[in-house]
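Asker: I'd like to go over a predicted model; first the sequence, then the structure.
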Amino acid sequence: KQWYQRRVRGGEQGYMRMSRSRPSICRIADFAAYPNVQLMDNLVFLRNTETGRYVASTSQLVDIRDTPDSGAYGNEFAIATDANYYLNAVWLLRDIGNDEFFIEHFHSGRYLLSDGGVVRNSRGHEGGWTGAPQIRLTDANYYNLAIWKKVDIGGGNYYIEHKYSGRYLFAAGSNIWGKDASGYYGNEKVVGSDANYYGYAAWKIVPANPPRYI
């Protein structure tokens, strides 16, 4: 077990005890680390409508909110996993006005960022997603490329559209709705696609309160 100090942008602090072998300690202490109730109320899972997979991070448990990286993108990327392992599929939709938001990782404070070209007026021209840019996890909003918008498509489903490029948050992979967790993250990429191929760009934004963890 180890103690980690956590600091939220703006100054609030807390402490949590982490234990990989006893996840109940992780569950309780992780939420207790934040006295900011508004932050807790805005925590969500992003679940793919087609597959049920979660957008997640496998980066190290290092909070960069007050200690950013080198000033470059880095090499951290989002994945689409089959469960909320170690709370790594929990996100904060941080409202920045004009119906726009950052998608901030609960543990690390990193933002989802897409750096692909503009596709808003040429949807489907790329012919698939295999060449689409992988979604990055960055320590800052470089060039305003970490800004997203929600597009309501009905039935409690949304496109999560990149403000600059118009690309959709997108993840393929096998269907895991109703299935038990596999026990490992897997390697399904999350990308910025130019269209909603096979429904893989539709998402459910599920409140993470009360928490439901693996």
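Answerer: Noted; the coordinates are in hand. Given the structure is predicted, the values throughout are model-derived calculations rather than measurements.
Asker: my guess is Gly166 contacts Val118, does it?
Answerer: Yes: if you go by CB atoms under 8 Å, Gly166 and Val118 touch, sitting 6.2 Å apart. C-beta: built from backbone N, CA, C; applies to glycine.
Asker: Counting neighbours, go ahead and name the busier of those two.
Answerer: In this view Gly166 and Val118 are compared by other CB atoms under 10 Å, and Gly166 has more residues nearby, 20 against 12.
Asker: That one sits in which helix or strand?
Answerer: Remark: Gly166 resides in no helix or strand, with elements defined by DSSP states H and E.
Asker: how close does it get to Tyr86?
Answerer: 33 Å (CB to CB, to the nearest Å).
Asker: repeat for Phe77
Answerer: 17 Å.
Asker: And these two? Which one has more around it.
Answerer: Per other CB under 10 Å, whichever of Phe77 and Tyr86 has more neighbours is Tyr86, with 20 against 17.
Asker: Confirm the more buried one sits in a helix?
Answerer: Yes: under the criterion used here (DSSP: H, G, I helix; E, B strand; the rest coil), Tyr86 sits inside a helix.
Asker: per-residue confidence for it?
Answerer: Looking at Tyr86, its pLDDT is 91.
Asker: any idea how far Val119 is from it?
Answerer: Counting by CB to CB, the gap from Tyr86 to Val119 is 34 Å.
Asker: Equivalent analysis for Ala89, please.
Answerer: In terms of CB to CB, Ala89 sits 26 Å off from Val119.
Asker: and those two? which has more neighbours close in?
Answerer: Legend: neighbour count by other CB under 10 Å for Ala89 and Val119, higher for Ala89 (29 against 20).
Asker: Confirm that the more buried one sits in a helix.
Answerer: No: counting by three-state DSSP, Ala89 falls outside a helix, being coil.
Asker: show me the contacts for it.
Answerer: The contact partners of Ala89, by CB atoms under 8 Å, 6 or more residues apart in numbering, come to 45-46, 54-56, 81, 83.
Asker: Go again with 7 Å.
Answerer: 45, 54-56, 81 (CB atoms under 7 Å, 6 or more residues apart in numbering).
Asker: now, which of those sits nearest Tyr159?
Answerer: Comparing those against Tyr159 with CB to CB places Val55 closest, at 13.6 Å.
Asker: And that closest one, which helix or strand is it part of?
Answerer: Element membership for Val55, per DSSP H and E: strand 54-57.
Asker: Give me the neighbour count for Gly124.
Answerer: Residues near Gly124, counting by other CB under 10 Å: 12.
Asker: Check the gap between it and Thr51 for me.
Answerer: Look at Gly124 and Thr51: by CB to CB, they are 21 Å apart.
Asker: what does Thr58 give?
Answerer: 18 Å.
Asker: Show me which of those two is the more surrounded one.
Answerer: Between Thr58 and Thr51, counting by other CB under 10 Å, Thr51 is the more crowded of the two (20 against 16).
Asker: Surely the more buried one touches Ile176?
Answerer: Yes: between Thr51 and Ile176 there is a contact under CB atoms under 7 Å: 6.2 Å.
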